[in-house]
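Novice: requesting a structural model of the entry that follows:
(one chain, ligands or ions: 1)
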Amino acid sequence: MFILEYKVKPKPQQILAIEEAIRTTQFVRNKVLRFWMDNRGVGKTELFRHNTQLRKEFEFVKDLNSHACQTAVERTLRAINRFYDNCQKQVKGKKGYPRFKKNTRSVEYKVSGWKLDQQTKKHITFTDKKRIGRLKLIGSRDIQYYQPEQIKRVRILRRADGYYVQFSIQLDPRDTVKPLTPTQKAVGIDVGLKYFLADSQGNIEPIPQFYRQSEKQLNRLNRKKSKKFRRGQPQSHNYHKARQRYARKHLRVSRQREEFAKRVALRLIKSNDLVAYEDLNVKGMVRNRHLAKSITDAGWSTFRRWLEYFGDKYGKITIAVPPHNTSQNCSNCGKKVQKTLSTRTHVCPDCRFVEDRDINAALNILKIALSRVGRTLTHASGETSSWLVGAILLANEDSLNEESSCL
Ligand SMILES: [Zn+2]
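Specialist: Numbering: from 1, shown residues only. Below you'll find the predicted structure:
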């Protein structure tokens, strides 16, 4: 599955129709959730049956395409299952009891309720009784390249800067690229507070300037917004304008960060056959307020998502290793060398190995990954053949030896 996205510019009455459709999915979602809360132990079947009931009861629910109503129920189900999952796994802290939504941003259709214009293929018409009508798809990617049967979902989405239509297309991303020639290199990466990441080959990716800059700008816009807020009264026109400006800035910043994460991830995947990283519990770390800023900031989970995506796409191996003393241990001899957060350099008293703290950690991460790769390979990547891994292991042993021999 991958997503194609187009901007659309609906007319005022179309905006009303889209908002009405979004409100209806929210209504269905919340009603089904209420039903689940009031009737302990009801399952999937009962929830879908309740949806059918709602369609009989309310005219405006019936107006929305029946599959779109179903996706609303599916959303509720996902939230419920996640909650049960967390309870079963005994996740620490809050279990995420499903809540009512009040700010839904999208409505999702399946394979019916919409039609692509067969001639231009640049227009989509929504055909249910919500009367959204015909929208022009603005964007350079070509939807006619894909077969209509490949389009499994269509979503209309509201963002701070307008409306978008997304097509979810069933296609293995591996089918769209030629496999890359193996580079016979493996790399371990450590995400730090000081750098965006440091790798075992000694490279450092600094945190981009715009992270700090945009933070300042966001704070400024947020202050302006708060100044215009009036407690317990309807908000002024100026407040809404400030709110909009803040939201648009957020959108821009998140796009910038996404682009950055994507670029770094792609570069790593293209120049290595195996990428190892720490399986960080970001949720736990963000709770520590001294570390919080840098980690949420550096967008680690976004980065990891892209890394795994590209790894899958290009047939490379990505391995998450449990974080365990990776920054403390000496990557050369294995001795534990205690250091505080402010110690930036690793100096081993035993073997006299000296390296930047984060690069030392990256070397450890790579070591752990390589020791596990034999066992986990069948899970880590179904497709990569074993000779490739053999080659990586050999190539890497050499490079590790080189590292230590020159010191
Ligand atoms: Zn050592």
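Novice: up against the ion, what does the chain have?
Specialist: Within the chain, the positions adjacent to the ion are 330, 332-333, 335, 348, 350-351, 353 by C-beta under 5 Å from the ion. (Glycine included, C-beta is placed from N, CA and C.)
Novice: which residues in the stretch 101-250 of the chain form strands?
Specialist: Listed in chain order, the strands of the stretch 101-250 of the chain (DSSP state E, counting those that start in this stretch) span residues 106-109, 114-116, 123-126, 133-136, 151-159, 162-169, 186-190, 195-199, 204-206.
Novice: mind checking the pLDDT average for the last one?
Specialist: Just to be clear, that refers to strand 204-206. For strand 204-206, mean pLDDT rounds to 89.
Novice: what packs against that strand?
Specialist: On a contact count with 3 or more C-beta pairs under 8 Å, 6 or more residues apart in numbering; DSSP states H and E, strand 204-206 meets strand 195-199.
Novice: returning to that earlier point: narrow the residues of the chain next to the ion to those that are buried.
Specialist: 330, 332, 348, 353 (16 or more other C-beta atoms under 10 Å).
Novice: can you give me the neighbour number for Q53?
Specialist: Around Q53 there are 14 other residues, counting by other C-beta atoms under 10 Å.
Novice: tell me the contacts of it?
Specialist: Shown in contact with Q53 (C-beta atoms under 8 Å, 6 or more residues apart in numbering): no residues.
Novice: what strand or helix carries it?
Specialist: If you go by DSSP states H and E, Q53 is part of helix 44-57.
Novice: tell me how far that helix lies from the chain's centre.
Specialist: Centroid separation for helix 44-57 versus its chain: 32 Å, with C-alpha atoms, centre = their mean, to the nearest Å.
Novice: neighbours of the closest residue to V321 other than its chain neighbours, just the number please.
Specialist: Leaving aside its chain neighbours, V321 sits nearest to I368 (4.3 Å; criterion: C-beta to C-beta, 6 or more residues apart in numbering). Using other C-beta under 10 Å, I368 has 19 neighbouring residues.
Novice: the one 3 residues further on too?
Specialist: Neighbourhood size, S371 [other C-beta under 10 Å]: 10.
Novice: contact partners for K9?
Specialist: Contacts for K9 (C-beta under 8 Å, 6+ apart) come out as 135-136, 138, 162-163.
Novice: report the buried members of these.
Specialist: For the contacts of K9, a burial check counting by 16+ other C-beta under 10 Å picks out 135, 163.
Novice: closest one of the contacts of K9 to the ion?
Specialist: Closest approach to the ion among those (C-beta to the ion): G162, at 56.5 Å.
Novice: separation between the closest one and W114?
Specialist: Counting by C-beta to C-beta, to the nearest Å, the separation of G162 from W114 is 19 Å.
Novice: cool, and Y145?
Specialist: For Y145, the distance to W114 equals 18 Å [C-beta to C-beta].
Novice: ditto for E355
Specialist: 57 Å.
Novice: please apply the same query to K94.
Specialist: 38 Å.
Novice: who has more neighbours out of those two?
Specialist: Between K94 and W114, counted using other C-beta under 10 Å, the more crowded position is W114 (22 against 8).
Novice: which residues does the more buried one bridge with?
Specialist: Counting by DSSP bridges, W114 forms beta bridges with F126.
Novice: and it, how far from M1?
Specialist: Distance of W114 to M1, given as C-beta to C-beta: 18 Å.
Novice: equivalent analysis for K367, please.
Specialist: Distance from K367 to M1, counting by C-beta to C-beta: 35 Å.
Novice: repeat that for L197.
Specialist: Going from L197 to M1 by C-beta to C-beta gives 28 Å.
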